[in-house]
Structure formats: structure tokens, C-alpha cells
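Engineer: I'd like to go over a predicted model; first the sequence, then the structure.
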Amino acid sequence: MKPFLFLVLFVVLSGGQALSQDTKYWVFFTDKQGVTFDPYTYFDSLAIDRRLRHGLSLYDTTDFPVSPRYLEGVSRLADSLSHHTRWFNAVAVYAGGDAIEAIERLDYVSSVRPFPRLSVHMASISGYDTDLDSNNLELLEQQTASLGLSILRENGLNGRGIRIAVFDTGFPGVDEYPVFRHIREENRIVHTHDFVRNDDNAYRGMRHGTQVLSNIGGMNGDQPMGLAPEAEFMLARTEIFLEPYWEEENWLAAVEWADRHGAHIVNSSLGYVYHRYFPKQMDGTNSLVAKAGNMAAAKGILVVNAAGNSATDSQWVVIGTPADADSVMAVGGIDPNTGYQIHFSSPGPTADMRMKPNVSAYGHTVVAGRKGLSTSMGTSFASPLVAGFAACALQNNPQMTAMELFETIEKAGLLYPYFDYAHGYGMPQAHKMLNPKLKPEPTFQILEDNNLIKVEIMEEVFENKDQHNGNIIYYNTQKPSGVLDKYYVYSVDQKTPLRINKSLIPEGYTLNIHYAGYTLSYTL
């Protein structure tokens, strides 16, 4: 087992084709006057149904196209035009200094914003390619069992009828690999588009997207690799090997495309971090993709996004964008061997101190490989597992809104109502999703002994601890504002109570403790 890629390359932006063209800008327009729009010819019927289910107007001006007259006027002055966005009423352009000043003076242009002049960053993916052995096959079973695959199947839940858009580096082999044969034979890849080359061939690029897709809908014979093998899929290539800032432009174009063509769920195993932003900017408002993720939620789409792999990166530790967006479901990674945070999974909170990640799943999984199956590591693979869970939850209750689905998944978390900045609410559980009113039985009690708080696990629970997510106690200290001060995991190796010194917890803080499905809070 050896790392197959962990590369970072910086190239100064000078010389070359797209790099040498004049600066790139977003040009924002004042209005959409004179634009005609027919939602029934523009939108897929699923997009129409989704809007009606959410009580949304079919004639919202954010859905109207950008004015062709405005685009034509800008094109006369700019060197070239790239993607335009109906949601934010803007177009991306290349233009020199004199040209952009002339564009800015147009009476229908409200503002101009330059793309940052930053270095190019090569996609860094930490992972492993291995030949499968018995341990790997056990991992393949565990990655879906950990979320409740058997319960979902007993209830006929497999993602059928749900449309999932996947944004990634490309999908080579999806049109050939056996693990996707069931999807191809039923024509359930309903749309593809390459936003890098602006054509409909998404079956090229890096195979990261192929691996991600396998953790939503792949099948190894009769063994599911993800939870939604019967879903419909839209494949969008938004990334290239070099990661210039305009990949976010591709992401924005892709999410509007996914909306138009009726996606219910978007999986984005992508994130934009230190080569574009500072950690203090991760508050869900600074990047256009975070704003687009929130807009997608407002249009009734659940966006599921990997939290990131930066926990051990000295240049960046916390989650990236668009996972920082309030209405985007950020997914952290769990180590299958320990049951808690895998070492590289980016933690929260956001810069404005909101809880992230929201939930978590295995960050080490079996995926589609060049010659069959392999294993790979990253929150990139936790995210599609949760996206598949979301598809099953929506299939179970198709009348849910996107934010009701978001809340359903959080409340199905293994740790809920406990949370922390490494695990969120934990791994979603099928039995909790299907029986949301179930009340957990007590599994421990809190006792005071002078200056100590003792957490004593009930004997019958400890004896059957393997039935209760192993031997992990989670606990945190929470400020009166609701923000966590510190959080911990504690391994119960024998029936010895966890002891916490009260003097280490400031007055007014709350101690929250979770073990085996049960949470207690203690305020000092």
C-alpha cells in the first residue's frame, strides 16, 4: 500500500494562452430588462416539480437568463467571454485595462470584480491504490453498513427516482467499468457536461470523479459500494489538473446546469482553500461558490460537500469553501479502524463559529479502480456516501424540502444531539432516519465526587459495547454562547469511569457527554 498522489505545484501566472490573456473579471449587470423566459421550455420537468414542491415561483427573476443585449455589448469590448450566471446576473470576461474601464462605464453594468491574480495549484489528492484482499472486502461491506445499508434495503430504499449531480475532475471509465454497468444499462446517466472544454463529454480528466461516483452508485457484483445504486446521475467535469481560480466559475456554471436539469442532490467532493482564500474568510459569504451553494438550497437542491483533508496541513487546517456555506452539508471523515475522526479530516467551526462539519462518514473506502477495485482516502469519499444516504432519505419522503432533508440527515446522526467540530453529529443512521421519534435508552450516568465528575457506564451496556458503536465516549465543553470550547474522544478499555476535574471547566460552561446513543449535559 503506497500513496499514489500527493503533489502540490505552484506556477507563477505569466506567459501561456489563458494565463497571458488580459485579466479576468466578473461583470455584474444592473437588471434583466427585456428578457423573455418560459420556465416550461427552459427547465426539466423535475426542476419544475421541485420548485412547486418548495412553493417557489416559476418566474423568479434569478432564473431569467442574462440579457443577450448586455452580453453582446460587453463582448464588443472584451477580448472574450466565458461562463455567465443567471443567478447572479453576471458574465466572466477577459479584458485589458482600457477595455474593462469602458465596460465599467456601460449604463447596464453595476460593478466589475477582478479574479484574483494567484498562482496555479495542482490538485492534491491523498489516497492509496491497492489490490483488494479480505480486509479490503470487509471495508467495502463496512462503508455502507456503517450507515445502515441493510435497514435501507429492507425498506426498499436505494435512491430510485432521485437525480444526483456529481461535480468533479472527470469520469474516465464510467462508460466502461463493470461497477457502473447497471447504471448504463438502464440509461440512468441522464446528462453529462465538461465545463472545462465546454462540451458534453465528461468521460475524461482525472478519475477522482469516477471513484467518487462509485461511492454513491457503484456495484461490485451484488455488493453496493454506495447507498444509491438506483439513482439517476448527472456528471459535470468542473476541475482540471491545474487548479486556477476559474474552476469556481465552472462550479457555479455546473450548479445552475444541475438546477435547470432537475437535480435533487449535488455531490461536490471539492474545496477551495489556501491558494485562494484565508481561513478567516471561511464564513460562508466570501466565495461565489458558497453563495451559489446557498442559492441552490433556496432552489430546493441539497448540496453535499466534502469538508476537506487539511487537518494536518500547516498552511490550512479548517474546512474549505463551499463547505463553509450555511446551507451546504459539510461531511467530515471517519477512520474505519477507530470509529472517530480520521487524522486528515478538516475540522470546524466556520470563521463565524458555526458548527461544521454537519455529519461524517468513512474517509477510507473501497472505490472503482483502473483494474477493478482499489481503496482511497479522503473526505472526498465520505461525501458521496452521505449523498447516497440523502437520496434514500428523500426517496423515503419525497415531499421533503431541501432544508427538511438537511435537518433529517443531521438528526439521523449517530451522535445527535451531541456534536463537535470533528464529527458534526456523526455518521447518519438509517434506523434513526426512519424512526425519528425513537428515544435513546440511558447508557451511563453522571456522578459527582468532591471536585470530580465521574461518567459511569451501565454494566449491561458495557458488556454489549460492540453493539453500541464500540468503546468511545465523546465529550465537550460548551460556552454559554453555544460555541464549543474543547472536545474529546475517550476510549473505554475497561469498566473504569471517565473522570473529569470540575476545576478545569469554567463556571457557566456546559459539559456534554455522549456514549452509545445517549447524551447528557451538565452545567457547572
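Structural biologist: Cool, got the structure.

Engineer: quick one: buried residues of stretch 499-516?
Structural biologist: If you call a residue buried by 16 or more other CB atoms under 10 Å, then stretch 499-516 has these buried ones: I500, I505, Y509, T510, L511, N512, I513, H514, Y515, A516. The way it works is simple: take the backbone N, C-alpha and C, and place the C-beta from them, glycine included.

Engineer: Per-residue confidence, the last one, what does it come out as?
Structural biologist: Think A516. Per-residue confidence (pLDDT) for A516: 90.

Engineer: correct me, but it touches V461?
Structural biologist: Yes. Look at A516 against V461 with CB atoms under 8 Å: they come within range, at 5.7 Å.

Engineer: Tell me, how many residues neighbour A351?
Structural biologist: A351 has 19 neighbours, counted by other CB atoms under 10 Å.

Engineer: and it, what does it touch?
Structural biologist: Applying CB atoms under 8 Å, 6 or more residues apart in numbering, one finds that A351 lies in contact with P279, K280, Q281, M282, D283, V318, D324.

Engineer: ok, for it, nearest residue in space, not its chain neighbours?
Structural biologist: Take A351 and drop its neighbours on the chain: the residue closest to it by CB to CB, 6 or more residues apart in numbering is D283, 4.1 Å away.

Engineer: does that neighbour really touch T350, like I thought?
Structural biologist: Yes. D283 lies in contact with T350 (CB under 8 Å); the separation is 5.5 Å.

Engineer: The two: which has the busier surroundings?
Structural biologist: Taking neighbours as other CB under 10 Å, D283 and T350 compare with T350 leading, 23 against 19.

Engineer: quick one on the thing from earlier: top of the contacts of A351 by neighbour count?
Structural biologist: The most crowded member of the contacts of A351 is D324, carrying 34 neighbours; neighbours defined as other CB under 10 Å.

Engineer: Now do the phi/psi pair for the residue nearest to G378 when sequence neighbours are not counted.
Structural biologist: Once flanking residues are discounted, G378 sits nearest to N309: 5.2 Å by CB to CB, 6+ apart. The phi/psi pair for N309 (degrees, to the nearest 10) reads phi -120, psi 40.

Engineer: Kindly indicate whether the residue nearest in space to the middle of the chain is helix, strand or coil.
Structural biologist: Centroid-nearest residue in the chain: N305, 0.8 Å away (criterion: CA atoms, centre = their mean). At N305 the chain is in strand, as set by DSSP: H, G, I helix; E, B strand; the rest coil.

Engineer: Low-confidence ranges, this structure, go.
Structural biologist: The chain contains residues with pLDDT under 70 at 1-22, 116-134, 241-246, 462-470, 493-496.

Engineer: switch the cut-off to 50
Structural biologist: By pLDDT under 50, the low-scoring segments of the chain are 1-21, 118-128, 467-468.

Engineer: Show me which helix runs longest in it.
Structural biologist: Across the chain, the longest stretch assigned as helix under DSSP state H is helix 379-396.

Engineer: and the next element down the chain from that one?
Structural biologist: Once helix 379-396 ends, the next helix or strand along the chain (criterion: DSSP states H and E) is helix 402-411.

Engineer: elements contacting that next one?
Structural biologist: Contacts defined by 3 or more CB pairs under 8 Å, 6 or more residues apart in numbering; DSSP states H and E place helix 402-411 against helix 288-298, strand 302-306, helix 379-396, helix 430-434.

Engineer: Could you export the ones you listed as a markdown table, including distance to R207?
Structural biologist: What follows is those, written out as a markdown table (distance: least, CB to CB, whole Å):
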| stretch | distance to R207 |
| --- | --- |
| helix 288-298 | 23 |
| strand 302-306 | 16 |
| helix 379-396 | 12 |
| helix 430-434 | 29 |
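
Engineer: Let me see the backbone angles for L373.
Structural biologist: Phi and psi for L373, reported as degrees, to the nearest 10, are phi -120, psi 150.

Engineer: what number of residues lie near it?
Structural biologist: L373: 22 neighbours (other CB under 10 Å).

Engineer: residues in contact with it?
Structural biologist: Contacts for L373 were tallied using CB under 8 Å, 6+ apart; they are L132, N136, L140, V179, N220, V366, V367.

Engineer: what secondary structure does the residue nearest to A351 sit in?
Structural biologist: Look at D283: counting by three-state DSSP, its state is coil.

Engineer: Perfect, I'm done here.
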